[in-house]
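Colleague: Here is my input; please provide its structure:
(one chain, ligands or ions: 1)
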Amino acid sequence: MSLKSINPTQTKAWNKLQQHFESIKEAHMTKWFEHQPERAQQMTIKWEDFFLDYSKNRINAETLSLLKDLAEELQLSDAVSKYFGGEKINKTEGRAVLHTALRAPEDAEVFYEGNNVIPEICEVKHKIKQFSLEVIEGDRKGFTNKAFTDIVNIGIGGSDLGPAMVVDALSYYKNHLNVHFVSNVDGDHVNEVLKNLNPETTLFVIVSKTFTTQETLSNATTIKQWFLQHATQDDIAKQFVAVSTNIENVKAFGIDPQNIFPMWDWVGGRFSLWSAVGLSISLAVGFDHFNALLKGAHKMDIHFKEEKFEQNIPMILAFISIWYNNFFKAESEAVIPYTQYLNQFATYLQQAIMESNGKSIDRAGDKVSYQTGNLIWGEPGTNSQHAFFQLIHQGTKLIPADFIGFGTPLHGNQDHQDKLMSNFFAQTEALLNGKTKAEVKAEGTNESIIPYKIFEGNRPTNTIFIDKLTPESLGKLIAMYEHKIFVQGVVWNVYSYDQFGVELGKQLAGKILDEFTDSYSAHHDASTANLISMYKSMR
Ligand code: F6P
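Modeller: Numbers count the residues shown, from 1 in each chain. From the prediction side, this is the model:
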């Protein structure tokens, strides 16, 4: 059974939220803090090693209660059971959405089309474990019998961003293997990576759910040709492995069937790092850490599935975001992790969030009359403070932001950690309170400069404060955003798990590519025709 189609704007709760919005849209959060000493305590959720403080938002108890009513009217709990229960909620592609099954324990039962999928997941996990161990220990060797030193993950989109972000995020837990990522069809990317690699000691992991993606197949072919300059066709079996659902295409590429790590069509590309797509994670940090990542995600799954609205972290984050997106008309959200390890986190979330909810046709097939998917962007603090924070503090746009911080530094440098965390707390405090004219004046500021130094404040933030960056806490954090995406898609009444929007450009690129070598010219608009002909004269 698919998800129900309910237009959120036709609900009673939406209507009430609209009226409520009119009454509190100008309210300054600082007044609420002044008059309600319990606010900072009430608007928090403590769960395991996570602490969410959402009190610095332009919401009050009534907002929360109306958002909860909205969740009920939209029958969110029914949607949650369908999501976890293997129903084909990805209706436009006729598939279930079961990345949560990938991190369920071995004794769990998750049924898809009448079959429990857990045993086959465990089988693949076992294969990942064995393979990683052999490569890390040096027992599995390359074609000249040398141990591997380097791994190259060849994939794009979900077959690249998830593993690349996690390998980077867990650098502290890494072993001796150097893991590289090749994704762009830009030949300079693959050549730049290959130039420092030794074909005898490099293992290539080709990751493509469909095994039809132009970028990945072009890069894999270029790498195979480079490899064959040093080795024979038979040696490919020792150095190339693949992760895919398309076993036939993988074999046709020349990969030994023993070296195929299967995945399933019920795992969406942007939610696939928990499957064998995470092989390079397991190689980089070892299977035990990979498994801890899965365990963390599973804990978040249980929290999301079972916790009541008020204490449910992904649920609260999703509804607060809807509040800004649909009532305040905020267009984007920032994610600011205060750890350099999460340098690629916003990039990863861009695919997860925008490929999922960047839709404008509702589940009844009609064009929506309200805003859906928000833009997501961000960079680690404190670097981002010296880049775009000016606009968040004093610009004309409302940009709700998630601040993610960790209590304990991994290398134990307390001096740096204190400086980092003082910035972490200072920024959300500044965004909340701002700085008044009187305060600026009291600093002896020249009268003509005063307006430029005023900060209005009242800029919303969530603080997600976690004990320590570990594989497990990272798993929880990623799963938290996955469930936020799900909730928002349900509320916006869109299908979050297809991605037809990426197809048109691909099709046109295919046609244009032929025109470079053929004398034939397709019909284009005048601007595109001009640009293509300029390029043809250069090549
Ligand atoms: O960008 C579109 C997309 O289909 C993504 O959803 C997916 O993650 C990516 O391409 C790569 O696809 P594949 O793993 O099939 O090569």
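Colleague: how many other residues sit next to the nearest residue to His189 once chain neighbours are set aside?
Modeller: Spatial nearest neighbour of His189, excluding adjacent residues (CB to CB, 6 or more residues apart in numbering): Val182 at 5.9 Å. The way it works is simple: take the backbone N, C-alpha and C, and place the C-beta from them, glycine included. Number of residues near Val182 (other CB atoms under 10 Å) recorded here: 26.
Colleague: and Val182, what is it in contact with?
Modeller: Contact analysis of Val182 by CB atoms under 8 Å, 6 or more residues apart in numbering lists 152-154, 189-190, 193, 219, 223.
Colleague: which of those residues are buried?
Modeller: Among those, those classed as buried by 16 or more other CB atoms under 10 Å are 152-154, 190, 193, 219, 223.
Colleague: Quickly find the element holding the residue nearest in space to the middle of the chain.
Modeller: Geometric centre of the chain, nearest residue: Leu349, 2.8 Å, by CA atoms, centre = their mean. Here Leu349 sits within helix 345-349, counting by DSSP states H and E.
Colleague: what does Lys441 give?
Modeller: Going by DSSP H and E, Lys441 is in helix 437-442.
Colleague: what number of residues lie near the residue of the stretch 301-450 of the chain found nearest the ligand?
Modeller: Closest approach between the stretch 301-450 of the chain and the ligand, counting by CB to the nearest ligand atom: Glu355, at 5.8 Å. For Glu355, the neighbour count with other CB under 10 Å is 22.
Colleague: rounded to a whole number, what's the mean pLDDT of the strand or helix carrying Val179?
Modeller: Per DSSP H and E: Val179 is located in strand 178-182. Mean pLDDT, computed over strand 178-182, is 98.
Colleague: Kindly report the same for stretch 209-225.
Modeller: For stretch 209-225, mean pLDDT is 97.
Colleague: ditto for stretch 398-417
Modeller: 98.
Colleague: buried ones in stretch 381-392?
Modeller: Across stretch 381-392, burial judged by 16+ other CB under 10 Å covers 381-382, 384-385, 388-389, 392.
Colleague: about what we covered before: can you identify the element that follows the helix holding Leu349 toward the C-terminus?
Modeller: Downstream of helix 345-349, the next assigned helix or strand under DSSP H and E is helix 356-357.
Colleague: From the contact counts, what lies against that next one?
Modeller: Judged by 3 or more CB pairs under 8 Å, 6 or more residues apart in numbering; DSSP states H and E, helix 356-357 is in contact with helix 471-491.
Colleague: For the helix it packs on, enumerate the helices and strands it packs against.
Modeller: By 3+ CB pairs under 8 Å, 6+ apart, helix 471-491 packs against helix 76-84, helix 161-169, helix 287-306, helix 313-322, helix 356-357, strand 461-468.
Colleague: redo that, cut-off 7 Å
Modeller: Applying 3 or more CB pairs under 7 Å, 6 or more residues apart in numbering; DSSP states H and E, we find helix 471-491 packed against helix 76-84, helix 287-306, helix 313-322, helix 356-357.
Colleague: Dump those helices to CSV, plus mean neighbour count, mean pLDDT and distance to Asn446.
Modeller: Supplementary listing: these in CSV, determined by neighbours: other CB atoms under 10 Å; pLDDT from 0 to 100; distance: least, CB to CB, whole Å:
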stretch, mean neighbour count, mean pLDDT, distance to Asn446
helix 76-84, 18, 98, 54
helix 287-306, 20, 98, 52
helix 313-322, 24, 98, 39
helix 356-357, 22, 98, 47
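Colleague: All the strands of the stretch 101-250 of the chain, residue numbers only.
Modeller: Remark: strands assigned in the stretch 101-250 of the chain by DSSP state E, counting those that start in this stretch are 111-112, 115-116, 150-154, 178-182, 202-207, 240-244.
Colleague: Out of those, flag the one nearest the ligand.
Modeller: Proximity to the ligand (CB to the nearest ligand atom) singles out strand 202-207 among those, at 6.5 Å.
Colleague: mind listing what's buried in stretch 245-261?
Modeller: Buried, per 16+ other CB under 10 Å, within stretch 245-261: 245-246, 249-250, 253, 255, 259-261.
Colleague: For the ligand, what's the nearest residue on the stretch 1-150 of the chain?
Modeller: Residue nearest to the ligand within the stretch 1-150 of the chain: Glu93 (10.7 Å; CB to the nearest ligand atom).
Colleague: Likewise for the stretch 201-350 of the chain?
Modeller: Taking CB to the nearest ligand atom, the ligand has its nearest neighbour within the stretch 201-350 of the chain at Gly269, 2.6 Å off.
Colleague: that older thread, from the contacts of Val182, which single one is nearest Ala71?
Modeller: Asn153 (38.4 Å; CB to CB).
Colleague: OK, contacts around that closest one?
Modeller: The contact partners of Asn153, taken as CB atoms under 7 Å, 6 or more residues apart in numbering, are 160, 163, 179, 181, 205, 207, 280.
Colleague: nearest spatial neighbour of it, skipping sequence neighbours?
Modeller: Counting by CB to CB, 6+ apart, Asn153 lies nearest to Ser280, which is 4.2 Å off, once chain neighbours are set aside.
Colleague: ok so, going back, quick one: residues contacting the closest residue to the residue of the stretch 1-150 of the chain closest to the ligand other than its chain neighbours.
Modeller: For Glu93, ignoring the flanking residues on the chain, the nearest one in space by CB to CB, 6+ apart is Asp498 at 5.1 Å. Residues in contact with Asp498 (CB under 7 Å, 6+ apart) are 90, 92-93.
Colleague: Neighbour count, pLDDT and secondary structure for these - can I get that in a markdown table?
Modeller: Output for these, formatted as a markdown table (neighbours: other CB atoms under 10 Å; pLDDT from 0 to 100; DSSP: H, G, I helix; E, B strand; the rest coil):
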| residue | neighbour count | pLDDT | secondary structure |
| --- | --- | --- | --- |
| Asn90 | 20 | 97 | strand |
| Thr92 | 16 | 97 | helix |
| Glu93 | 16 | 97 | helix |
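Colleague: closest to Asp362 among those residues?
Modeller: Within the contacts of Asp498, proximity to Asp362 (CB to CB) peaks at Thr92, which comes in at 11.8 Å.
Colleague: how much space between that closest one and Gly501?
Modeller: Applying CB to CB, to the nearest Å, the value for Thr92 to Gly501 is 12 Å.
Colleague: and what of Gln36?
Modeller: To Gly501, Gln36 is 43 Å away according to CB to CB.
Colleague: between those two, which one's more packed in?
Modeller: With neighbours defined as other CB under 10 Å, Gln36 and Gly501 compare such that Gln36 has more, 15 against 12.
Colleague: pLDDT at that one, what is it?
Modeller: On the pLDDT scale, Gln36 is placed at 95.
Colleague: now do Asp518
Modeller: Looking at Asp518, its pLDDT stands at 82.
Colleague: neighbours of it, just the number please.
Modeller: Neighbourhood size, Asp518 [other CB under 10 Å]: 9.
Colleague: Identify the residues contacting it.
Modeller: Asp518 makes contact with no residue, according to CB under 7 Å, 6+ apart.
Colleague: With Ser208 instead?
Modeller: Going by CB under 7 Å, 6+ apart, the list of residues near Ser208 reads 155, 159, 216, 244.
Colleague: So which of the residues you listed reach the ligand?
Modeller: Near the ligand, judged by CB under 6 Å from any ligand atom, the entries from the contacts of Ser208 are 159, 216.
Colleague: residues from the stretch 201-350 of the chain in reach of the ligand?
Modeller: Taking CB under 6 Å from any ligand atom, the part of the stretch 201-350 of the chain that reaches the ligand is made up of 208-210, 213, 216, 269-270.
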